[in-house]
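> This is a predicted model, with the sequence first.
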Amino acid sequence: MDGIHDLGGRHGFGGSLETRDDGGFHEPWERRTFAMASLLTGTGCFAIDEFRHAIERLDPVAYLADGYYGRWLGASELLVREAGGRPQPGRIADGTGRRALDAPPRFAVGDRVVTKNLHPAGHCRLPGYARARRGVVEILQGGWVLPDARAHGRGEAPEHVYTVRFDGRELWGDDAEPATSVCLDVFDSYLEPA
Amino acid sequence: MSHEHETDPRAIRAEALETLLTEQGLVTPEAIDGILRHYEQDVGPMNGARVVARAWTDPAYRERLLADGYSAIAELGFGGPQGEHLVVVENTPQVHNVVVCTLCSCYPWPVLGLPPAWYKDPSYRSRIVREPRKVLSEFGLELPEEVEVRVWDSSAEIRYMVLPEQPASLAGLGEEELAAHIDRDAMIGVAKVGP
């Protein structure tokens, strides 16, 4: 989904960072929201992929204005509403992500790969800035549930995941800073041999 | 005129949701308290600092940590949500690593606890992949051009933690003394372990 959540590389989000924050919660409602959302996914009412996609489906203005735990609150409300106000624990039998695969990985460490130019309307974990870009496989990460499937109730459809390294110039062209690269965890179906 | 009695609409919404979920038995005060106790007391950067201090003092552990971060961290008793598979990436004189999640805000909770506000901010998420050197310099970390900056964008369920370099000034210290010098920012990769 080409939504507001896909922030990597966007311009305009502020030139300096408040770097001294200690982490944790700043308001009581943030604590309660964090715990409630953790329970909704932890008890299997919703899959983590459904939760992430619910955040992506929030109104873009609210996405930015409500902050991190505000997004968790909005996503929890959205999923509970879509469940008719009655979420069912155990609906997701196994919320974890790792799955053993019989098929061997299609790529090996050092292989050159290229990402597909994907623009699905639904959940997808390939950031916009890394679509149709060439990289090199760095790490084989084994089999994992495909978020694109589980976020939409289409089963687990597990695939191999590869950590792929992209040179800064491949991603940002002449505007790239010198000697930089980005490593991404990429699902098999997002990739082609290069 | 004071505005202190104005209530944040998000606080009202959170209360309404908690009431609904409590009525259905999906949420109990005990369950909520248990989760909050875990994240406010049991996990935090002190866990990651123990991992790093062990790696600095025990070469065999360091090897296991870099080969299979998840298992080596579990040896010290750390695991749980957002730590299903943890990869530890090592800073060297040639490569500096830094961690982000541009699509949401994935973070290695079992070793670092809850993320700081800046990690979840659109500014960090948008900029660190495009201009990592500039962002790092705002954290006070200037890296020479000979050092490659490698950004790890956590786009699947694998979580990343940085193993910082041990500064010469901390040579010869024991594990516990070392751990006191290792802070969260160095394990995200936006700082080095000082001085």
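Ah, there it is.
> so how far is residue A:153 from the most centrally placed residue in chain A?
Nearest residue to the geometric centre of chain A (CA atoms, centre = their mean): residue A:125, 4.6 Å. Using CB to CB, to the nearest Å, we find residue A:125 at a distance of 17 Å from residue A:153. For the C-beta atoms, the positions are set from N, CA and C on the backbone; glycine is no exception.
> swap in residue B:40?
In this structure, residue B:40 and residue A:153 are 34 Å apart, going by CB to CB.
> for the residue nearest to the centre of chain A, phi and psi?
Torsion angles at residue A:125 (phi, psi; degrees, to the nearest 10) stand at phi -110, psi 20.
> got the contact list for it?
Applying CB atoms under 8 Å, 6 or more residues apart in numbering or on different chains to residue A:125 gives the contacts A:147-148, A:185, A:187, B:103, B:155-156.
> what do you get for residue A:73?
A:29, A:33, A:37, A:66, B:10, B:13-14, B:17.
> And for residue B:52?
Contacts for residue B:52 (CB under 8 Å, 6+ apart) come out as B:163-164, B:178-179, B:182, B:186-187.
> Please tabulate these in TSV, including the columns secondary structure and pLDDT.
Shown next, in TSV, are the contacts of residue B:52 (DSSP: H, G, I helix; E, B strand; the rest coil; pLDDT from 0 to 100):
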residue	secondary structure	pLDDT
B:163	strand	98
B:164	coil	98
B:178	helix	97
B:179	helix	97
B:182	coil	97
B:186	helix	97
B:187	helix	98
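> among these, who's most crowded?
residue B:187 (26 neighbours; other CB atoms under 10 Å in any protein chain shown).
> Quick one: end-to-end distance for stretch B:140-155.
Using CA to CA, to the nearest Å, the end-to-end distance of stretch B:140-155 comes out at 27 Å.
> helix/strand/coil for the residue lying closest to residue B:189 once chain neighbours are set aside?
Closest residue to residue B:189 apart from its sequence neighbours, by CB to CB, 6 or more residues apart in numbering or on different chains: residue B:98 at 3.3 Å. Secondary structure, DSSP: H, G, I helix; E, B strand; the rest coil: residue B:98 is strand.
> What's the local residue count around residue B:150?
23.
> Residue A:51 now?
20.
> what sits against it?
A:37, A:40-41, A:75-76, A:79.
> Between those residues, which sits nearest chain B?
For the contacts of residue A:51, the minimum distance to chain B (CB to the nearest CB) is 6.1 Å, reached by residue A:76.
> Count the residues that sit near residue 112.
I went with chain A, as the question did not name one. Residue A:112: 12 neighbours (other CB under 10 Å).
> The chain in question should be chain B.
Count around residue B:112 with other CB under 10 Å applied: 27.
> Residue B:76 now?
By other CB under 10 Å, the residues close to residue B:76 number 15.
> do the same with residue B:34
By the criterion of other CB under 10 Å, residue B:34 has 12 neighbours.
> Report the separation between it and residue A:35.
Relative to residue A:35, and taking CB to CB, residue B:34 is found at 8 Å.
> Filtering the contacts of residue A:51 by proximity to chain B, which remain?
A:40, A:76 (CB under 8 Å from any CB of the partner chain).
> got the contacts of residue A:51 as CSV, with distance to residue B:54 and pLDDT columns?
Compiled in CSV, the contacts of residue A:51 are given as follows (distance: CB to CB, whole Å; pLDDT from 0 to 100):
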residue, distance to residue B:54, pLDDT
A:37, 33, 98
A:40, 35, 97
A:41, 31, 97
A:75, 37, 98
A:76, 37, 98
A:79, 40, 98
